[in-house]
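# Model the structure of this input:
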Amino acid sequence: MSTTPNAAASGQNSGSARLLQRQLMEMKRAKDLPGISVGLVKDTNIFEWEVMLMINDDCKYYGGAYFRAYMTFPAEYPLMPPKLVFQTPVPFHPNIYPSGELCISILHPPEEDRYGYESASERWSPVQTPETILVSVISLFSEPNDESPANLDAAKLLRAEREGGPKEFRKRVRKCVRESLGED
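Below is the predicted model of the structure:
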């Protein structure tokens, strides 16, 4: 008995949906995920999650912040990575494109990096989960990666500040935090 391509895709899709449903429920029940809240954008679509990240005062995003993002999972999940896109206001961050899309190694497809910057072990692997992704994102707010920036302006300002230059990065981040809190 042969399986048609559509039937195979449908089977993968339903397997992905069951996995995502289980992972969503686990995250909602987890008591050890401070600063992370997840839900569905629409109750009828398990492949699109709304994420709220509450960044604490102890990181570079001085004064704490609330950032909303959408995490969209492909039908091939967990074999292929989801995409995480911050909604307005988009955080001023070296690893977030001005469009809001997050750039982090673990969300890059599981293939050789054509530029040779990342090893295959740093890229997407099916052992990653929405929880590990979001914990990595929270950590990226504490320690931005300016080595391979998505936002060149943010990376340049961060480097200059680390080298004793003007506190322009901090100033832009504070503005971003105020916007996220509805103060601007």
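# for the residue nearest to the spatial centre of the chain, helix, strand, or coil?
The structure's the chain has its C-alpha centroid closest to L84; by Cα atoms, centre = their mean the separation is 4.5 Å. Look at L84: counting by DSSP: H, G, I helix; E, B strand; the rest coil, its state is strand.
# who does the spatially closest residue to it that is not a sequence neighbour bridge with?
Nearest residue to L84 in three dimensions, chain neighbours excluded: L102, at 4.3 Å (Cβ to Cβ, 6 or more residues apart in numbering). C-beta coordinates here come from the backbone N, C-alpha and C atoms, glycine included. L102 forms beta bridges with I96, as assigned by DSSP bridges.
# and if you look at F67?
Going by DSSP bridges, F67 is paired in beta bridges with L53.
# the strands in the protein, which residues?
In the chain, the strands defined using DSSP state E lie at 36-40, 48-55, 65-72, 83-86.
# Now distance to N151 and mean pLDDT too, for those strands, in JSON lines please.
Shown next, in JSON lines, are those (distance: least, Cβ to Cβ, whole Å; pLDDT from 0 to 100):
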{"stretch": "strand 36-40", "distance to N151": "23", "mean pLDDT": "95"}
{"stretch": "strand 48-55", "distance to N151": "17", "mean pLDDT": "93"}
{"stretch": "strand 65-72", "distance to N151": "14", "mean pLDDT": "93"}
{"stretch": "strand 83-86", "distance to N151": "11", "mean pLDDT": "97"}
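# Select, out of these, the one closest to P144.
Smallest distance to P144 across these (Cβ to Cβ): 11.9 Å, for strand 48-55.
# Tell me which other helices or strands that closest one touches.
When contacts are defined as 3 or more Cβ pairs under 8 Å, 6 or more residues apart in numbering; DSSP states H and E, strand 48-55 sits against strand 36-40, strand 65-72, helix 130-142.
# which regions of the chain sit below the pLDDT cut-off?
Scanning the chain for pLDDT under 70 picks out the ranges 1-12, 57-63, 115-116, 184.
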